[in-house]
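1. A predicted structure for the sequence below; I have some questions about it.
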Amino acid sequence: MKMQFIPIDYDYFDFEGRNYAKIIGRDDKGKRICIVDSCPVYLWAILKENLPEEKIDKLIKKIEKIKLDIKGRQTEVERVEMHSRNFLGKPVKALKIFATNYKDLHDVADKLDMPEIEKRRGYDLGYTTHYITEKQLIPLSWYEIEGEIITGDGFGGISNIDADICIKLETIEKIESEKDFTPKVLAFDIETDELKIGEGEILMISLVSDKLRKVITWKKTNKKLEYVEYVKDEAELIERFVEYVKKISPDFLTGYFSDGFDIPYLKARAEKHNIKLNLGLDDSPVKFHRGIFTTAEISGICHIDLLRFIETAYSQYMQSETLSLNEVANEFLNERKKDFEIKHSSKLDGKDWEKYFEYNLQDSILTFNLFEKFWPDLLEFSKIMQEPIFNISRNGMSKNVESYILHNLHKFNEIPEKRPTYDEIGGRRKREKYEGAFVFQPQPGLYEDICIFDFTSSYGSVIVTYNLSKSTLLEKSEKNSYSIEALGKKVYFEKKSGFFPEMLKEIIEKRKKYKQELKQKPDAIKNARSNAFKLLANASYGYQGFFGARYYCEEAAAATAAFARKAIKESIDKINQEGFKVIYSDTDSIAFLMSKKTEEQTFDFLKRLNDELPGIMELELEDFYKRGIWVTKRTGEFGAKKKYALISKGSKIKIRGFETVRRDWCRLARQVQNNVIKMILQEGNEKKALDYIINIVKQIKERKIDKKQMIIRTQLKKPISEYKAISPHVIAARKMQEKKLPIDESLIEYYIAETKGKKKLVREKVKLPDEKGEYNIEYYLNHQILPAVENIFQVFNINLKDIISGKKQTCLNDF
DNA sequence: GAAGTGGATATACC
DNA sequence: ACTGGTATATCCACTTC
């Protein structure tokens, strides 16, 4: 049997003691195909140097005799081969030890505690990763496959699963031409009475696919809605949900926070009713993997929790202040949730229920649309990191960097490094912070004609240029090496390029290439590809300093920061020497005054600068700006770092660090500050802004501002009881707890109210948004509005405090 | 009991 | 525990006089 095939979901199973990959996918006609395949299972034993041959022969014979009988399995060493490989860039002799079952490799490794063996590696990758590496498969690419159809009890009855064809794979070959694939997607969302898992009843479940829009509920209402299906009770609701998933049989089942809420909830309620949540194609129950986050896996159907993916792939560029479905859908789709105030089901009447159904359906529609939106990203991530979408969508960037490395090691003939042990991680976490980026101390003021240069992929290009990695780190000083002062000593790296910098070089090159292609002819795939490489390049520096990394290298991470500091300081000097004036710099960017020079002269100078930069390091022009403002710190007269605002020649405003961009300030303060900054940058003076602020102060004093503008939102980052310092938002959270309001991952909202009696602490004046009370004029003036704008006016030598307190009312007439 | 200071906490920048 | 370090600012908690 021969056909075209695209792999989607990866799993594995044991049959007669051996491991088999079970890959679910589609053929080019949309039929569901299950392929069964196997690959050699082995680990590496790296030998000590200069072992005599007879000793190696003896060792091999000894190893070949290893047999294990554990966990109800019999595993034995089946074959041992001698190979020349690299480990951390050094040539080594290593034994490739083939064994029966991947899951027993750890135990085989334990048996290899022999004096001739230096290190044991390659037993901790996970079967799926091992399989993909071995077969060089790229997930979600089209393949031409050939194999035998499996029927009856072949491989323990695997053909009983809900697939059109099961095949034992014989050959598999990638189809090079680009070929589209449109997955079958089902989005779902549940509504419940309580937020705590399993505590309340599931009231309804919505389901959305390209052809389906449905809400299932057990709630009887007078008006029958077309898209609502009514069932008897909660038990039937869950059963019906399972039936639908089976009937639709999607490639992807997607939810929003469904790993942490919807699926665990369904599971808990199903257990209560003694129903099985057997969603798997093989009728297996949903499997939960407990880690820091629980993940829910369905055999054969790829479950995607979009929240997790959006968090790693996009949150750093997003405008949204939270990752709530509403905000995210608003930002990416320009669509919103339905307005509906959720109440306990006992407090709802007929009309409310209809709205509730609509609300529930809309959530699934948004989730479905978000899936479509992020499908190119999921696809590209999966192809680039070469891991299944299920994992890709849940892994953080450090894991993604590591996946990329592991799947590219074969190009360097490298044996994979092991995961750090628990003790190693503990040791790494205890180490002191190393010195990081350089931040220029700015002089407060309003500046005109500013230019900004940026290092492209700054840290990445430093790692590549100076070959900084675990495998290139030298133990002692060597001639002809790269060296720099870091971690309070001199560190050295060899010049012969290592596999990690080499891989990173390719990542940066690809990023450049795809960015260029994207610019020429934009589309979603190119955007996703370009973004994926950008994220990979950016995360590579952090990876080497991350305690959980296989290729952890403190020296490399510290040296990267050190070389980057050196490079930027040298560039700053050169820019100053050229006759410009540097006014600010942070990590990889430099802002300087044009000092009457033309843009052409600046470009010319940039070219010359770049010619002098080492390796692949490169500065690029970020933009030209009309004006910019830097302010003082609240304490001290120095300029504040990481806080400035710019207006470009095209009148685009860029604000960094100011309260305007901080979500833990009330909306009024943020908006007022934003307006003040805008006026000053646009007009080039403070006059209009001063009039504006005086008017705002008046309005506050006269209580003309809507209380909604005064609400402060702060995230509760741990359980209430764990707080040592009881700050206002903790009090607000306590109040919510008393009122039995849900405290989920979202922000705590409160305002500071007028109170009777002498109350000194801010937290004593905290009220929840719907608590009766009036905003505290003194607080909002002196602790929100004034702090937000006073150091902006200070740039113009205006003391707002005096003006507002009325001390210098007369000076108003001066303007 | 006021004033000063350091710690805890949240959030942003790159 | 799930990339890194640098930085600002608020408000509480505690010390000191």
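-> Nice, I can see it. Quick caveat: nothing in here was measured; it's all calculated off a predicted structure.
2. C-alpha from now on. contacts and neighbour counts both.
-> Noted.
3. contact partners of stretch A:556-569?
-> Outside stretch A:556-569, the residues that touch it by C-alpha atoms under 8 Å, 6 or more residues apart in numbering are A:434-438, A:458-459, A:462-463, A:468-470, A:473, A:484-487, A:491, A:541-542, A:544-545, A:587-590.
4. go with 7 Å
-> With contacts defined as C-alpha atoms under 7 Å, 6 or more residues apart in numbering, stretch A:556-569 is touched by A:434-438, A:459, A:462-463, A:468-470, A:484, A:486-487, A:541, A:544-545, A:588.
5. now it: buried residues?
-> Counting neighbours by 16 or more other C-alpha atoms under 10 Å, one finds that the buried residues in stretch A:556-569 are A:556-565, A:567-569.
6. now do stretch A:720-727
-> A:Ile720.
7. tell me which parts of chain A are close to DNA strand B?
-> Neighbours of DNA strand B within chain A, by C-alpha under 7 Å from any atom of the strand: A:321, A:586-589, A:642-643, A:655-658, A:661-664, A:713-718, A:722-725, A:747.
8. ok, of these, which come out buried?
-> Judged by 16+ other C-alpha under 10 Å, buried ones among those: A:586-589, A:642-643, A:655, A:658, A:661, A:663-664, A:713-716, A:747.
9. give me the subset of these that also touch DNA strand C.
-> Restricting these to those near DNA strand C by C-alpha under 7 Å from any atom of the strand leaves A:642-643.
10. which residue in the buried ones among the residues of chain A next to DNA strand B has the weakest pLDDT?
-> Least confident of these in the model: A:Leu747, at 87.
11. mind checking how far it is from A:Gln316?
-> 18 Å (C-alpha to C-alpha, to the nearest Å).
12. now do stretch A:730-740, average pLDDT.
-> In this model, stretch A:730-740 carries a mean pLDDT of 90.
13. that stretch vs DNA strand C: in contact?
-> No - Stretch A:730-740 does not reach DNA strand C (C-alpha under 7 Å from any atom of the strand); its nearest approach is 8.7 Å.
14. one step back: return the subset of the contacts of stretch A:556-569 lying in helices.
-> A:459, A:462-463, A:541, A:544 (DSSP state H).
15. in CSV, list the buried residues of stretch A:556-569 along with pLDDT.
-> Listed next are the buried residues of stretch A:556-569 as CSV, based on pLDDT from 0 to 100:
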residue, pLDDT
A:Ala556, 97
A:Ala557, 97
A:Ala558, 97
A:Ala559, 97
A:Thr560, 97
A:Ala561, 97
A:Ala562, 97
A:Phe563, 98
A:Ala564, 97
A:Arg565, 97
A:Ala567, 97
A:Ile568, 97
A:Lys569, 97
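16. return the subset of the residues you listed lying in helices.
-> Cross-referencing the buried residues of stretch A:556-569 against helices under DSSP H gives A:556-565, A:567-569.
17. just give me the closest of the residues you listed to A:Val77.
-> A:Ala556 (37.9 Å; C-alpha to C-alpha).
18. contacting residues for A:Lys65?
-> So A:Lys65 contacts A:Val77 (C-alpha under 7 Å, 6+ apart).
19. that one and A:Cys39, how far apart?
-> Relative to A:Cys39, and taking C-alpha to C-alpha, A:Lys65 is found at 22 Å.
20. list the contacts of whichever residue of the stretch 301-450 of chain A sits closest to DNA strand C.
-> Closest residue of the stretch 301-450 of chain A to DNA strand C, C-alpha to the nearest atom of the strand: A:Gly436 (3.1 Å). Contacts for A:Gly436 (C-alpha under 7 Å, 6+ apart) come out as A:Ala561.
21. mind checking what secondary structure A:Thr321 has?
-> Careful, residue A:321 is Glu; it's not Thr. Classification of A:Glu321 by DSSP: H, G, I helix; E, B strand; the rest coil places it in coil.
22. from the residues of chain A next to DNA strand B, which land in strands?
-> Counted as lying in strands by DSSP state E, out of the residues of chain A next to DNA strand B, are A:586, A:589, A:642-643, A:655-656, A:713-715, A:747.
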